[in-house]
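Undergrad: Return atomic coordinates for the entry below.
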Amino acid sequence: MSDAAMPQAQTFHDLYRDHRGWLEGWLRRRMGSACDAADLSQDTFLRLLASSQRIADLQEPRAYLLTVGKRLLSNFYQRRSLEQAYLNALASLPEDCVPSPEQRWLLLETLQALDELLNGLPQAVRRAFLWSQLEGLTYQQIAERLNVSERTIKRYMAQAYEHCLMVEL
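TA: Numbers count the residues shown, from 1 in each chain. Coordinates of the predicted model:
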């Protein structure tokens with residue numbers, strides 16, 4: 001390890017030692033699960049370690065950790081909601097159509113990746129894009145569902161495609 005990296009590593013160690021318990025407790029109170037709180041706490045510190053943020057420059061480390069922790073908590077509940085919706089849809093399928101556990105895992109991972117990819121788009125744009133791509137609806141059909149013009153749907157679709165391309169870069 002280089003001399004420059006050594007203080008950064010020590011600072012991270014100190015930050016982790018001083019604030020992990022506090023962050024984990026905060027998450028546990030909100031989640032009701034010590035295991036999930038421990039996982040999100042670890043993820044929070046991993047995000048900090050992987051970021052370009054210099055730990056030594058943090059003026060308010062707890063505020064920073066809380067911000068990252070809140071984002072991860074929000075993502076956690078969003079992912080759980082998506083998973084529950086998927087499981088509910090599976091429960092309504094006839095038994096011979098239910099995918100294998102491996103297929104279900106792959107489908108859930110794909111749904112989560114798609115949800116993350118479309119995160120940040122306005123709700124109407126997301127709906128238009130998903131109806132077009134997943135249900136095969138025409139722009140006219142989508143326009144009718146959203147009670148907007150077909151031209152607006154074209155604009156929505158362009159916005160969604162641009163967003164997907166920018167996220168991939």
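Undergrad: how about the helices in the protein?
TA: Listed in chain order, the helices of the chain (DSSP state H) span 5-31, 34-50, 61-91, 101-118, 123-134, 139-146, 150-168.
Undergrad: list the contacts for the closest residue to residue 47 other than its chain neighbours?
TA: What sits nearest to residue 47 in space, not counting adjacent residues and going by Cβ to Cβ, 6 or more residues apart in numbering, is residue 68, at 5.4 Å. Any C-beta I mention is one placed from the backbone N, CA and C, and that applies to glycine too. When contacts are counted by Cβ atoms under 8 Å, 6 or more residues apart in numbering, residue 68 is found next to 44, 47, 48.
Undergrad: closest to residue 77 among the residues you listed?
TA: Minimum distance to residue 77 across the contacts of residue 68 is 15.3 Å, recorded for residue 44 (Cβ to Cβ).
Undergrad: Just the mean pLDDT for stretch 107-126, thanks.
TA: Averaged across stretch 107-126, the pLDDT comes to 84.
Undergrad: Tell me how this protein divides into domains.
TA: Taking automatic domain parsing as the criterion, the chain consists of the domains 1-98, 120-169.
Undergrad: wait, what's in contact with residue 83?
TA: With the criterion set at Cβ under 8 Å, 6+ apart, residue 83 makes contact with 108, 112.
Undergrad: Out of the domains of the chain, which gets the lowest mean score?
TA: The minimum mean pLDDT among the domains of the chain belongs to domain 1-98 (a mean of 83).
Undergrad: roughly how far is it from the heart of the chain?
TA: Distance, stretch centre to chain centre, for domain 1-98: 11 Å (Cα atoms, centre = their mean, to the nearest Å).
Undergrad: next one: stretch 97-117
TA: On the basis of Cα atoms, centre = their mean, stretch 97-117 sits 15 Å off its chain's mean C-alpha point.
Undergrad: which other residues reach stretch 136-146?
TA: Contacts with stretch 136-146, where a contact means Cβ under 8 Å, 6+ apart, come from 124, 127, 128, 131, 132, 149, 150, 152, 153, 154, 157.
Undergrad: Count the residues that sit near the residue lying closest to the fourth one once chain neighbours are set aside.
TA: In space, not counting the residues next to it along the chain, residue 131 is nearest to residue 137; the distance is 4.5 Å by Cβ to Cβ, 6+ apart. The number of residues packed around residue 137, counting by other Cβ atoms under 10 Å, is 17.
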